[in-house]
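> For reference, the sequence and a predicted model appear below.
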Amino acid sequence: MNGEAINSRGKIKITQESAFALLIAVFFCHHTLFEYVEIVIGRLPYISMARYFFFPVLYFFLILFSFKRNRARYIRISDFFIILFFTISILLTIIVYPNNAPFIASSLTSHILPCIPFFLLGLCFFANERTINTVSIFSCFAVAVSVVYVFYFLNTGRNLGGEDGGYSMDWSYLLLPNTMIVIDYAFRKKKILAIVCSIIGVMYAFAMGTRGPIVILFFFIAVLMWTNSNLKTGKKILFFLVSAIALIMFFLSSAYMDVLASLRIFLIENRVSTRVVDYLISGEMLSNTDGRTEITQDLMQKLWEHPIVGYGVYGEWPFGYYSAHNMYVEALFHFGIFVGSFLIIAYIALFIKALKVSNNVLAKRWLIMFGCFVFVKGIFGGRYMEYSVFFLLGLCLREIRCAKDEKRQIRRIER
């Protein structure tokens, strides 16, 4: 049943597609928009306890209403072996490396468990106009509400600003997926709301003073400009070459430093982090790794002591590193060189294949979007045990299976 169904009393009845679109929106805007509803409920007299039941009840009904056998048929038994693999890896780690157990426990609800529903969501995700547009509109509100909340209610901007170069990585990465969804929406629909929220989202990421989100957004926008251009491949290459030369000339000119100096003064006056600008002025935007290179070298040196089995899940934490700050190094350190390399190569190959075979234009856009988020973030500090990694994994598997089903249907028709 597609579209809005109207019952005998003339009231609009929620459909499976509407419920699923709202389910996706709640998932991706949980911490950036809907969580504020929980905060409001928690401050209301008499019903403050309802905040503990708000999201479980909401998810239960949305999943119930959005259930569709045609959508769920792309989930295979083999998919649960992926979940089983990581479950066994965690259990074996606790047994073999008991020092890792406290760190696994501390990340269980924040990072590990959320991977499962997002993986299943990716497997069930059918990208159509209604779903994508619903998530995009909610993401616009998420960007606006989060910026207002962080800077005006928490005064985070004041804590981040000034010449001390303070920054907030968590706040920046939290809103980044919503910002990317809004930017994609702006490129597709070219609506004023989407364009304005895109600008706000980019400025927010810049104000947080974290380089990773800035690089991800820059890379994502460049990819969108390439894919959305109607020019032929030769003209696209020429256009980007000319643009690159123009940018290089600007970066080498004195005007570039003048712009950065003026921007730095503006940020200081508004008590916003100057960290990114400081790196740009010093020319260390990408070269200064804030000690991450040393962490990588230390972990890789330790890895050669256990190259086959690695150090288990969260293996770097007992050594005093709260993260490997690199998804690829993390996988190698946790699972060993052979298994870790296999996981990385298989994941990248699966992503490339999904992009190649997918016939759904909207799904391809989301593959590109989360591909930028996962693979680029993986270099700047991402982890493999994150919702975005598993959602993209599920989405890749779904698109490959959809392409196979389409081929089977074509063969049946030809017969």
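On my side now, so go ahead. Residues are numbered from 1 along each chain as shown.

> neighbours around residue 267, how many?
24 (other C-beta atoms under 10 Å). Bear in mind the C-beta positions are built from the backbone N, C-alpha and C, glycine included.

> who's in contact with it?
161, 207, 273-274, 277 (C-beta atoms under 8 Å, 6 or more residues apart in numbering).

> for those residues, which one is nearest residue 19?
In terms of C-beta to C-beta, no member of those lies closer to residue 19 than residue 207, at 35.9 Å.

> For residue 147, see how far away the closest residue in space to the closest one that isn't next to it in sequence is.
Nearest non-adjacent residue to residue 207, counting by C-beta to C-beta, 6 or more residues apart in numbering: residue 272, 4.6 Å away. Going from residue 272 to residue 147 by C-beta to C-beta, to the nearest Å gives 12 Å.

> the more surrounded of the two?
For residue 272 versus residue 147, neighbours defined as other C-beta under 10 Å are more numerous around residue 272 (23 against 19).

> where does the more buried one sit relative to residue 150, distance-wise?
Where residue 150 is concerned, residue 272 sits at a distance of 11 Å (C-beta to C-beta).

> Check residue 318 too.
33 Å.

> and if you look at residue 382?
The spacing between residue 382 and residue 150, counted by C-beta to C-beta, is 22 Å.

> Who has more neighbours out of these two?
Using other C-beta under 10 Å as the criterion, residue 382 and residue 150 rank with residue 382 on top: 25 against 20.

> Wasn't that one part of a strand?
No. Secondary structure assignment (DSSP: H, G, I helix; E, B strand; the rest coil) places residue 382 in coil, not in a strand.

> starting at the chain centroid, how far to stretch 22-41?
Taking C-alpha atoms, centre = their mean, to the nearest Å, one finds stretch 22-41 lying 16 Å from the centre of the chain it belongs to.

> try stretch 307-321
25 Å.

> try stretch 17-36
15 Å.

> Could you do stretch 393-406 as well?
20 Å.

> and it, which residues are buried?
By 16 or more other C-beta atoms under 10 Å, the buried positions in stretch 393-406 come out as 393-403.

> Rounded mean pLDDT for it, please.
On average, the pLDDT along stretch 393-406 is 93.

> likewise stretch 237-251?
On average, stretch 237-251 scores 79.

> Which SSE is immediately downstream of the helix or strand harbouring residue 331?
In the assignment (DSSP states H and E), residue 331 maps to helix 327-335. Sequence order places helix 337-357 as the next helix or strand after helix 327-335, per DSSP H and E.

> buried stuff in that following helix?
337, 339-340, 343-344, 347, 350-351, 354.

> Helix 327-335 and that helix, what's the angle between them?
140 degrees (axes from the mean of the first three to the mean of the last three C-alpha atoms, to 10 degrees).

> helices or strands up against helix 337-357?
Contacts defined by 3 or more C-beta pairs under 8 Å, 6 or more residues apart in numbering; DSSP states H and E place helix 337-357 against helix 327-335, helix 361-371, helix 387-414.

> Other residues contacting it?
Here helix 337-357 has contacts from 303, 307-308, 310, 328, 331-335, 364, 367-368, 371, 375, 384, 392-393, 395-397, 399-400, 403, using C-beta under 8 Å, 6+ apart.

> residue boundaries of the helices in the stretch 51-200 of the chain?
Counting by DSSP state H, counting those that start in this stretch, the stretch 51-200 of the chain has helices at residues 51-66, 69-72, 77-96, 101-106, 115-124, 129-148, 156-160, 169-189, 192-207.

> Pipe these into a markdown table and attach distance to residue 247 and mean pLDDT per row.
Listed next are the helices of the stretch 51-200 of the chain as a markdown table, based on distance: least, C-beta to C-beta, whole Å; pLDDT from 0 to 100:
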| stretch | distance to residue 247 | mean pLDDT |
| --- | --- | --- |
| helix 51-66 | 45 | 85 |
| helix 69-72 | 44 | 69 |
| helix 77-96 | 42 | 94 |
| helix 101-106 | 43 | 93 |
| helix 115-124 | 35 | 93 |
| helix 129-148 | 27 | 93 |
| helix 156-160 | 28 | 48 |
| helix 169-189 | 19 | 92 |
| helix 192-207 | 17 | 91 |
